Structure formats: C-alpha cells, structure tokens
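Trainee: Sharing a model that was predicted from the sequence below.
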Amino acid sequence: MDSEDLLAKDLGEHHDPDGGASDSRGKPIKVGLNDASCEAFADESLAERLLDAPTAPPDFFRDATVPE
C-alpha cells in the first residue's frame, strides 16, 4: 500500500474521541486536514481528471416515463 492509500485509510478510520461517527444532531463529524496532510496529496489538474471522461453527458432521462 503506498503512502497516499495509507493516509486515506487512516483518515477514513479516524474516530472522534468525544463521540462516534455523528454529532448530537446525527450529522457526520467533519474531519479537517492540516497543512501536512494537504501536502501529502499530489496535485492534479482538471485536464488530467478529464482525460478519460466521456465527451457526451449522461442521458439522465433514458429510462424515464411520463404518466398519462
């Protein structure tokens, strides 16, 4: 497992000592990243993320029906 995977695993397994996975309202507890954790992630551009993306948007209404 490389260092980025290990860091992501550690963040995902973080447990708040003052509670559980949610606050008193039942909302998830937020985990903030410090400067060191932000520096651990490699930069990537939007162009890099879109290299393998389809050029046409998904057809959200493909299986839609209209009641009469």
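Mentor: Yes, it's here.

Trainee: can we go C-alpha only for contacts and neighbour counts from here?
Mentor: Noted.

Trainee: At which residues are the helices of this structure located?
Mentor: Using DSSP state H, the helices of the chain run over 3-12, 35-40, 46-49.

Trainee: weakest of those in terms of mean pLDDT?
Mentor: Between those, the lowest average pLDDT goes to helix 3-12, which shows a mean of 73.

Trainee: send the alpha carbons of stretch 59-68 over as CSV?
Mentor: Taking C-alpha atoms only, stretch 59-68 is exported to CSV below (Å, rounded to 0.1, in the frame of the first residue of the first chain):
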residue,chain,number,x,y,z
ASP,A,59,-28.7,10.6,-20.5
PHE,A,60,-30.5,11.1,-17.2
PHE,A,61,-33.9,10.6,-18.8
ARG,A,62,-33.1,7.4,-20.7
ASP,A,63,-35.4,5.3,-18.6
ALA,A,64,-38.0,8.0,-17.8
THR,A,65,-41.7,7.5,-18.4
VAL,A,66,-44.4,10.1,-18.4
PRO,A,67,-47.7,9.0,-16.8
GLU,A,68,-50.8,9.8,-19.0
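
Trainee: and it, which residues are buried?
Mentor: Buried residues in stretch 59-68, counting neighbours by 16 or more other C-alpha atoms under 10 Å, are absent.

Trainee: what bits of this structure have low per-residue confidence?
Mentor: By pLDDT under 70, the low-scoring segments of the chain are 1, 11-21.

Trainee: would you turn the helices of the chain into a markdown table with distance to residue 27?
Mentor: As requested, the helices of the chain are exported to a markdown table (distance: least, C-alpha to C-alpha, whole Å):
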| stretch | distance to residue 27 |
| --- | --- |
| helix 3-12 | 16 |
| helix 35-40 | 24 |
| helix 46-49 | 30 |
